[in-house]
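# Predicted structure and sequence below. I'll ask about it afterward.
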Amino acid sequence: METDPINMRIKLILIIIVLLLSLNLQIQAEEELPEIIGEHYRHGLQYFKKDQYPQAIQKFQAVLNQHPHFFPANYYLAEIYQAQGLPAKAIPYYQKVIESPTAFGTLTERSEIHYQLASAYRLLEQYDEAIDQYQNAIDLNSHHSAAYQDLGVTYSQQKQYKLAVKTFQQAIAVLPTSAMPHYNLGLIYLKLGDFDQAVTTFQQAIAKNPKFVDAYNGLGEIQLKLGQLDQAMETYQTANQLNPNSLAAHYGLGQIYAKKEDFSSAISEYQKAVRIQADHSDTRYKLAQLYMKTGEAEKAKIEMAFFQTLRQTDPLLAKAQTWVMANPEAPEGYNNLGIVYATRQRYDLAIQNYKQATKLSPSLATAHYNLGLIYGKIDQQQLAIESYKQAITHQPHLAIAHNNLAVSYDKQEATFASALKHAKIAVKLAPEEANYYDTLALAYYKVQMYSEAEETIRKAIDLEPQNQSHLDRLTQILHRRDKQ
């Protein structure tokens, strides 16, 4: 989503409101709390302002242990958890603020709390609750443009398109200079197949913000659907000039080149799209089709297989994301989400989730191991080694971690002795695993112990006689031994 300068002003206004709330809270807290508890609160506020959230949480909790209904501490805890992406933990604290009879005197302040609570519900996909709270925010402040905006998006997510249209029109009435509600309205018309209205609203969004990339992409999509290929090409190229990392622009350009039968250019654009987002399934499918047309059957097979993997993991991804949002302190959830992202080749997100799992549970060996796998895939061998060593520290008998650690050491070229050590451990722990013998054979080969390497690879061949990589390894070893 591209930045709308008017929307940025809305966010700035919201920040100012939050700062005013903070000032009010600080004054009220200093007036209401006993000195010792007040000290906890003041320290918590200082930590909060410095984004030192763990320390702030500790101090605010100390306040609530003595005064459970002290709404300023509840408010700040809600804000912290929301900022950390933990809406399930933020919600009860927002609710306590709303229930407090002394909380916030002005309608604008009260409206903002309902808006924040609605946003937390929406993140958890609890749309009915979100809609109720957005409406509460609007009832208290009829000029809360962000509440109209997000309420419209929520209605759209619920496929309540008529209500979404009405709400975005209200957002435009409240803040007519903003491009965002026009853009969101255009998306609804696009979904409803009302292309004339969609074109008009996307053009209105562009008129209000000529650098609004998403609006150009929306307009280009309609032009493409209408067969206006030259106009669509120009629109998508404008979007691409404004943001070379726009996935939608490259995907749209790929479709146009394909329709013009410029398959080389189409493939190039699709490849740019998947470099931006590896798991964009529509692009993978289009690539498979084009590779078939250009006679590149093996590439087509690979792309189609990955496309099918993406389709199969789509529901798993949605479930894993929802579960993590609802259970933010469960490390297994982040580990499982990381596995899904890794399967979809979203290695950056996989790493992020594995790290969160290890942060919540430093002894979770599987998360350390999975982190090592990803670092190995992206050829960051030193980070892979550190992760595998952590996995082994917490689970010393994890044979596969020893094996993969040996592989990473081998790739570093200067740590063959360490590779040999861990390859031997892996074979000892799992003597029926042929691949571990292959790793050990390679380790022997790297330290020029060719007789041991031959003996070891033959054990792998005994376990898997048809495995060509083991046979190739034997040939490699014999060739080098005979040269001595």
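Perfect, thanks for sending it.
# just the helices in the stretch 51-200 of the chain please.
For the stretch 51-200 of the chain, the helices defined by DSSP state H, counting those that start in this stretch occupy 53-66, 71-83, 87-99, 107-123, 127-140, 145-157, 161-174, 180-192, 195-208.
# Figure out which of these is closest to residue 399.
helix 53-66 (36.2 Å; Cβ to Cβ). The way it works is simple: take the backbone N, C-alpha and C, and place the C-beta from them, glycine included.
# Would you mind getting the angle between that closest one and helix 71-83?
150 degrees (axes from the mean of the first three to the mean of the last three Cα atoms, to 10 degrees).
# mean confidence for the helix or strand harbouring residue 334?
Assessed by DSSP states H and E, residue 334 sits inside helix 331-343. Averaging pLDDT along helix 331-343 yields 97.
# Likewise for stretch 477-484?
The model assigns stretch 477-484 a mean pLDDT of 84.
# Please state the offset of it from the chain centre?
49 Å (Cα atoms, centre = their mean, to the nearest Å).
# what do you get for stretch 457-473?
Using Cα atoms, centre = their mean, the offset of stretch 457-473 from its chain centre is 40 Å.
# Tell me who's in contact with residue 117.
91, 94, 95, 98, 133 (Cβ atoms under 8 Å, 6 or more residues apart in numbering).
# How about residue 425?
399, 402.
# Adding distance to residue 287 and mean pLDDT, write the helices of the stretch 51-200 of the chain out as TSV.
Below are those laid out as TSV (distance: least, Cβ to Cβ, whole Å; pLDDT from 0 to 100):
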stretch	distance to residue 287	mean pLDDT
helix 53-66	43	94
helix 71-83	39	92
helix 87-99	36	93
helix 107-123	33	93
helix 127-140	34	96
helix 145-157	29	96
helix 161-174	32	96
helix 180-192	24	96
helix 195-208	27	97
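# now those in TSV, with distance to residue 340?
Below are the helices of the stretch 51-200 of the chain laid out as TSV (distance: least, Cβ to Cβ, whole Å):
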stretch	distance to residue 340
helix 53-66	27
helix 71-83	24
helix 87-99	20
helix 107-123	19
helix 127-140	23
helix 145-157	21
helix 161-174	30
helix 180-192	27
helix 195-208	33
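# Need the contact partners of the helix holding residue 334.
309, 313, 316-317, 320-321, 323-324, 327, 347, 349-354, 356-358, 360-361, 364, 366-367, 370-371, 373-374.
# Now tabulate the contacts of residue 117 in a markdown table and tack on neighbour count and distance to residue 428.
Compiled in a markdown table, those are given as follows (neighbours: other Cβ atoms under 10 Å; distance: Cβ to Cβ, whole Å):
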| residue | neighbour count | distance to residue 428 |
| --- | --- | --- |
| 91 | 22 | 51 |
| 94 | 27 | 55 |
| 95 | 16 | 56 |
| 98 | 19 | 61 |
| 133 | 28 | 59 |
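# Buried ones among the contacts of helix 331-343?
Listed as buried from the contacts of helix 331-343 are 309, 313, 317, 320-321, 323-324, 347, 349-351, 353-354, 356-358, 360-361, 364, 366-367, 370-371, 373-374; burial here means 16 or more other Cβ atoms under 10 Å.
# Just the element for the residue nearest in space to the middle of the chain, please.
In the chain, the residue lying closest to the centroid (Cα atoms, centre = their mean) is residue 349, at 5.2 Å. Following DSSP H and E, one finds residue 349 within helix 347-360.
# Now do that helix, average pLDDT.
97.
# helices or strands up against that helix?
Applying 3 or more Cβ pairs under 8 Å, 6 or more residues apart in numbering; DSSP states H and E, we find helix 347-360 packed against helix 331-343, helix 365-377.
# Turn the ones you listed into CSV, including distance to residue 178.
CSV is the format used below for those (distance: least, Cβ to Cβ, whole Å):
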stretch, distance to residue 178
helix 331-343, 34
helix 365-377, 40
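# Of all the ones you listed, which one comes closest to residue 53?
helix 331-343 (17.7 Å).
# and that closest one with helix 347-360, angle?
160 degrees.
# What are the buried residues along helix 331-343?
331-343.
# As CSV, could you dump the C-alpha coordinates of it?
Provided in CSV are the C-alpha atoms of helix 331-343 (Å, rounded to 0.1, in the frame of the first residue of the first chain):
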residue,chain,number,x,y,z
PRO,A,331,6.6,-20.2,20.6
GLU,A,332,5.4,-23.3,18.8
GLY,A,333,3.0,-21.1,16.8
TYR,A,334,5.8,-18.9,15.5
ASN,A,335,7.8,-22.0,14.7
ASN,A,336,4.9,-23.5,12.7
LEU,A,337,4.3,-20.2,10.9
GLY,A,338,8.0,-20.1,10.0
ILE,A,339,7.8,-23.6,8.5
VAL,A,340,4.9,-22.5,6.3
TYR,A,341,6.8,-19.4,5.2
ALA,A,342,9.9,-21.5,4.5
THR,A,343,7.8,-23.9,2.3
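# number of nearby residues for residue 141?
Neighbourhood size, residue 141 [other Cβ atoms under 10 Å]: 20.
# ok, it touching residue 107?
Yes. Under the criterion of Cβ atoms under 8 Å, residue 141 makes contact with residue 107 at 5.8 Å.
# I'd like to know how far residue 351 sits from residue 428.
31 Å (Cβ to Cβ, to the nearest Å).
# With residue 278 instead?
37 Å.
# more crowded one of the two?
Neighbour count, other Cβ under 10 Å: between residue 278 and residue 428, residue 278 has more, with 18 against 13.
# quick one: the top helix by length along the chain to helix 331-343, angle?
Ranked by residue count and defined by DSSP state H, the top helix of the chain is helix 297-326. Computed by the same axes, to 10 degrees, the angle separating helix 297-326 from helix 331-343 equals 160 degrees.
# Surely residue 458 is in contact with residue 477?
No. Between residue 458 and residue 477 there is no contact under Cβ under 8 Å: 9.6 Å.
# who has more neighbours, these two?
Higher neighbour count among residue 458 and residue 477: residue 477, with 23 against 15, using other Cβ under 10 Å.
# how about the nearest residue to that one, chain neighbours excluded?
Leaving out its chain neighbours, the residue that sits closest to residue 477 by Cβ to Cβ, 6 or more residues apart in numbering is residue 453, at 4.7 Å.
# Cool, thanks, signing off.
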